[in-house]
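Asker: predicted model, plus sequence, below.
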Amino acid sequence: MTMVSGMVNLSNRALVRITGEEAEKFLQAVITTNLDKLGTDELKPGALLSPQGKILFDFLVSRIENGLRFDMPASIASDFIKRMIFYRLRAKAEIAQLPESLVSVCWQNDSTPSNDDVIKRDSRFPQGLNVLRIYGPADGTNDESAWVRLRAEHGIAEGEADFAYGDAFPHDVNFDQTGGVTFPKGCFVGQEVVSRMQHRGTARRRVLVARTEASLPPMGTPVKVSEREIGTLGSSAGDLGLALVRIDRVKDAIDSGTPIMADDTIITLTLPPHVRFGLSEPETGDA
């Protein structure tokens, strides 16, 4: 695993602020994240789902004064705001996109999380990595490849880069493993479908770590076993990336010794570290 420190400026991110005395109450009933468990010094992943349980928007949410900040791909921000205004109804909450969206990430350094609005610990990663999100100017590189590799090593998928909106359930992209969806909290849009998947263990697609001896093909390349498509590649940097695949078919290929291919490249697919599911039996029960 990568243990080298890094600081990377992230491009094409947008920040949306939802504030007001009833902001958290209405959000808790709509998004997948359990805001009751969100600390002041951290951020958590989350999503807004369709009633059918598919991810329409994904984001990282953190606390700011009198509300919450949502960090997401710039391309979905305006539609996210429209959808949040629809769900707000009469709740006393203000929804607005911030004019500046300076976002950086750093890891494996001596910094510590702050309780202010600028630095938040990324709870998707183990605490020992000390992955921090920085909102504001930062002296980082604009080469995002090291950040892509860090995400890939830990199976951390993000919308646009690793899956298409409207196509994936939270389980597919490991949100049940990283705190992006929390079942004991109760209601959120799409909760009935997603909870059924959790209790019945019917998640068959998962994001896995993809490796090859050369360079991985581009994002969106079909992953195949004996010419049968079992998923697609997500983002990658060199020989390391992510793939959203049918885990039962991955297991069959491994058991039979059949190569797993992306274009003409043989790839190796493995479970991300610390996940609570296997290739043969997805996890069941509450998370």
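Answerer: Now that the structure is in, tell me what you want to look at.
Asker: CA only for contacts and neighbour counts going forward, please
Answerer: Fine.
Asker: would you mind writing the CA trace of the least confident helix or strand in the chain by mean pLDDT as CSV?
Answerer: Averaged element by element with mean pLDDT, DSSP states H and E, the chain has its least confident helix or strand at helix 191-200 (a mean of 85). Provided in CSV are the C-alpha atoms of helix 191-200 (Å, rounded to 0.1, in the frame of the first residue of the first chain):
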residue,chain,number,x,y,z
GLN,A,191,-34.5,3.2,2.0
GLU,A,192,-36.9,0.4,1.5
VAL,A,193,-35.1,-1.1,-1.5
VAL,A,194,-31.6,-0.6,-0.1
SER,A,195,-32.6,-2.0,3.3
ARG,A,196,-34.0,-5.1,1.6
MET,A,197,-30.7,-5.6,-0.1
GLN,A,198,-28.9,-5.3,3.2
HIS,A,199,-31.1,-7.8,5.0
ARG,A,200,-31.3,-10.3,2.2
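Asker: what residues of it count as buried?
Answerer: Neighbour-count burial for helix 191-200 flags 191, 194-195, 197-198 (criterion: 16 or more other Cα atoms under 10 Å).
Asker: same list, the residues you listed, but as JSON lines with distance to Phe163 please.
Answerer: What follows is the buried residues of helix 191-200, written out as JSON lines (distance: Cα to Cα, whole Å):
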{"residue": "Gln191", "distance to Phe163": "20"}
{"residue": "Val194", "distance to Phe163": "17"}
{"residue": "Ser195", "distance to Phe163": "21"}
{"residue": "Met197", "distance to Phe163": "19"}
{"residue": "Gln198", "distance to Phe163": "20"}
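Asker: how near is the residue located most distally from the centre of the chain to Pro272?
Answerer: Farthest-out residue of the chain from its mean C-alpha position, per Cα atoms, centre = their mean: Ser256, at 31.4 Å. Ser256 sits 22 Å away from Pro272, going by Cα to Cα, to the nearest Å.
Asker: with Ser123 instead?
Answerer: Ser123 is 16 Å from Pro272, where distance means Cα to Cα.
Asker: what of Lys37?
Answerer: Where Pro272 is concerned, Lys37 sits at a distance of 24 Å (Cα to Cα).
Asker: and those two? Which one has more around it.
Answerer: Taking Lys37 and Pro272 together and counting by other Cα atoms under 10 Å, Pro272 has the greater number of neighbours (20 against 11).
Asker: from what I can see that one touches Gly155, true?
Answerer: Yes: between Pro272 and Gly155 there is a contact at 5.0 Å, judged by Cα atoms under 8 Å.
Asker: need the residues touching each of these two.
Answerer: The contact sets of Pro272 and Gly155 overlap at 208-209 (Cα atoms under 8 Å, 6 or more residues apart in numbering).
Asker: neighbours around Leu129, how many?
Answerer: Leu129 has 17 neighbouring residues, counting by other Cα under 10 Å.
Asker: relative to Trp147, how far out is it?
Answerer: Taking Cα to Cα as the measure, Leu129 and Trp147 are separated by 13 Å.
Asker: same question for Asp172.
Answerer: According to Cα to Cα, Asp172 and Trp147 sit 21 Å apart.
Asker: quick check, Ile85 in a strand?
Answerer: No: applying DSSP: H, G, I helix; E, B strand; the rest coil, one finds Ile85 to be helix, outside a strand.
Asker: quick check: it touching Ala93?
Answerer: No: with contact defined as Cα under 8 Å, Ile85 does not reach Ala93; the gap is 9.2 Å.
Asker: between those two, which one's more packed in?
Answerer: Applying other Cα under 10 Å to Ile85 and Ala93 shows that Ala93 carries more neighbours, namely 21 against 16.
Asker: residues near the nearest residue to that one once chain neighbours are set aside, how many?
Answerer: The spatial neighbour of Ala93 that comes closest, neighbours along the chain excluded (Cα to Cα, 6 or more residues apart in numbering), is Gly20 at 4.4 Å. In terms of burial, Gly20 registers 16 neighbours under the definition other Cα under 10 Å.
Asker: for Gly20, list the residues it contacts.
Answerer: Contact partners of Gly20, counting by Cα under 8 Å, 6+ apart, are 66-67, 92-94.
Asker: related to what we said a few turns ago, mind checking how far the residue farthest from the centre of the chain is from Thr212?
Answerer: Noted for Ser256: a distance of 19 Å to Thr212, by Cα to Cα.
Asker: also Lys224?
Answerer: Between Lys224 and Thr212 the distance is 14 Å, computed by Cα to Cα.
Asker: before we move on, what about Phe80?
Answerer: Applying Cα to Cα, one obtains 36 Å for the distance of Phe80 from Thr212.
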